[in-house]
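Participant: Would you be able to build a 3D model of this:
(one chain, ligands or ions: 1)
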Amino acid sequence: MAEAATPFQRLGGESAVRALVDRFYDLMDLEPQYQIIRVLHPTTLDGSRDKLFWFLSGWLGGPNHYIDRFGHPMLRARHLPFAIGDAERDQWMACMAQALQECGVEPDLAAGLRQAFQGTADWMRNRAS
Ligand code: HEM
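Facilitator: Residues are numbered from 1 along each chain as shown. The predicted structure follows:
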């Protein structure tokens, strides 16, 4: 029996994950409604793009590029230098939801991914707001 496709495969593999990440950071850079999270990031987003692409590739069931480079992601610890409350979480989620939609991700897959992102984004909060 064939194994179930991973979210990585359903999205369309590496080029589709890269396109999603690029759209996510393009929107963060361009759209004023994501300004609270834009200012937390470096002036140039090239490094952020690479890291999120490497991370999501493995997180979605594809190649573990992030772990191969940096070891365990320790995602919450890596976000501690940035004050993340409800407003930051909500902007991150809205930016990702817009990117999923604009990349034409199939609605069922997009809904599942939004739910998975929401769990991780909730967990990333490190200050009461
Ligand atoms: C909840 C709101 C979030 C905010 C405000 C936020 C913000 C940030 C910031 C400012 C950085 C540093 C960027 C850089 O060093 O270039 C970062 C890094 C990162 N974020 Fe987030 N993030 C959030 C949620 C998430 C979520 C939900 C994920 C994964 C699903 C994620 C994955 C990553 C990864 C993989 C890195 C790179 C870590 C490293 O190696 O330094 N973030 N994030």
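Participant: tell me the phi and psi of Met96?
Facilitator: When read as degrees, to the nearest 10, the backbone of Met96 gives phi -70, psi -40.
Participant: Looking at per-residue confidence, what score does it get?
Facilitator: pLDDT recorded at Met96 is 99.
Participant: Equivalent analysis for the one 4 residues further on, please.
Facilitator: Reading off the confidence values, Leu100 has pLDDT 98.
Participant: what about it, how many neighbours?
Facilitator: 22 (other C-beta atoms under 10 Å). Any C-beta I mention is one placed from the backbone N, CA and C, and that applies to glycine too.
Participant: Check which helix or strand it maps to.
Facilitator: Using DSSP states H and E, the element containing Leu100 is helix 86-102.
Participant: What's the first helix or strand after that helix?
Facilitator: Counting by DSSP H and E, the element after helix 86-102 in chain order, helix or strand, is helix 107-123.
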